[in-house]
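>>> got a predicted model here, sequence first, then my questions.
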Amino acid sequence: MAMGRIHSWESMGLVDGPGIRTVIFLQGCRLRCRYCHNPDTWELCGGGTLESPEETVNRLMRFKPYYGADGGVTFSGGEPLLQKEFLTEALALCKSRRIHTCLDTAGVGCGGYGEILKNTDLVLLDVKHYTPEGYQAVTSRSMDAYEEFLDAVQSMEVPLWLRHVVVPGLTDGEDHLAGLAEYVKGIRNVKRVELLPYHVLGVPKYRAMGIPYPLEGVPPMESGALVKWQERMNCGLKNG
């Protein structure tokens with residue numbers, strides 16, 4: 001049985017998938033996004049607590065009465081795909097107990113995603129950037145692993161919600177958002193696009209950890225600035 005390293009839980013999440021959800025944040029991430037607000041999740045073996053898939057799903061069952069018709073569990077991070085064996089077993093147990101499953105991911109894991117995706121009802125995919133150069137600038141990594149995961153999701157026809165963090169001077173501007181809108185049109189089975197305004201809530205974590213914050217001085221973005229683009233990108237989608 002694979003053990004999972006859990007960073008934290010959120011028992012009544014309302015923004016990480018449909019309905020009321022339990023959000024489980026797993027340790028570990030290979031990306032180093034310039035706007036990351038959870039640097040305390042980067043190290044796979046640092047912090048967190050160890051749990052078996054059975055222990056995790058037994059805890060989820062306590063919250064199941066609150067899920068209703070739409071809610072369920074969202075596995076997030078960090079990057080949940082890095083804990084492949086644990087995630088595979090936990091998702092299978094969730095499906096056997098009729099818990100709706102959602103995966104909140106940047107798509108950069110260990111490959112071989114078939115066993116994970118066959119028990120995933122919805123993928124929340126974090127689109128860091130839509131060009132290789134832009135992706136490298138945001139994450140300090142190649143786009144190849146992300147594209148491998150997206151190909152697997154498309155192949156298995158798992159519904160997608162796409163998310164994109166809009167950062168002043170990095171991933172904003174009319175030209176950038178127009179390019180993103182065109183990129184989204186080429187992805188199948190997209191049910192929703194969420195444009196997330198940049199915030200600075202994670203900055204104190206950098207200070208507490210003694211590491212420099214890459215976007216020091218960049219102001220947070222007003223959510224109202226994205227309303228028209230949000231509507232444009234969702235126009236014509238079959239929501240689910």
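Noted; the coordinates are in hand.

>>> which residues touch stretch 229-239?
For stretch 229-239, contacts defined as C-beta atoms under 8 Å, 6 or more residues apart in numbering pick out Leu177, Leu180, Ala181, Val184, Val190, Lys191, Arg192, Val193, Glu194, Leu195. For the C-beta atoms, the positions are set from N, CA and C on the backbone; glycine is no exception.

>>> buried set for it?
Trp229, Gln230, Met233, Asn234 (16 or more other C-beta atoms under 10 Å).

>>> cool, stretch 182-194 as well?
So, applying 16+ other C-beta under 10 Å, buried residues of stretch 182-194: Val184, Ile187, Val190, Lys191, Arg192, Val193, Glu194.

>>> between the contacts of stretch 229-239, which sits nearest Val15?
Closest to Val15 out of those is Glu194 (8.8 Å), distances taken as C-beta to C-beta.

>>> assumed the closest one was part of a strand.
Yes - counting by DSSP: H, G, I helix; E, B strand; the rest coil, Glu194 is part of a strand.

>>> for it, list the residues it contacts.
Trp161, Leu162, Arg163, His164, Gln230 are the contacts of Glu194 under C-beta under 8 Å, 6+ apart.

>>> sorry, back to before: farthest-separated two in the buried residues of stretch 182-194?
Ile187 and Glu194 (14.0 Å).

>>> find residues that contact each of the two.
Leu162.

>>> which helix in the protein runs the most residues?
In the chain, taking DSSP state H as the definition, the longest helix is helix 53-67.

>>> the longest strand anywhere in the chain: what's the following helix or strand?
Counting residues, the longest strand in the chain under DSSP state E turns out to be strand 4-13. Counting by DSSP states H and E, the element after strand 4-13 in chain order, helix or strand, is strand 21-26.

>>> just the buried residues of that next one, please?
Arg21, Thr22, Val23, Ile24, Phe25, Leu26.

>>> could you measure the last one against Glu89, distance?
Put plainly, it is Leu26. 13 Å (C-beta to C-beta, to the nearest Å).

>>> and Val190, what does it touch?
Leu160, Trp161, Leu162, Val184, Leu237.

>>> re earlier: how about TSV for the contacts of stretch 229-239, with distance to Pro204 and pLDDT added?
TSV is the format used below for these (distance: C-beta to C-beta, whole Å; pLDDT from 0 to 100):
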residue	distance to Pro204	pLDDT
Leu177	29	96
Leu180	30	96
Ala181	34	95
Val184	33	95
Val190	34	97
Lys191	34	96
Arg192	31	96
Val193	30	96
Glu194	25	96
Leu195	25	96
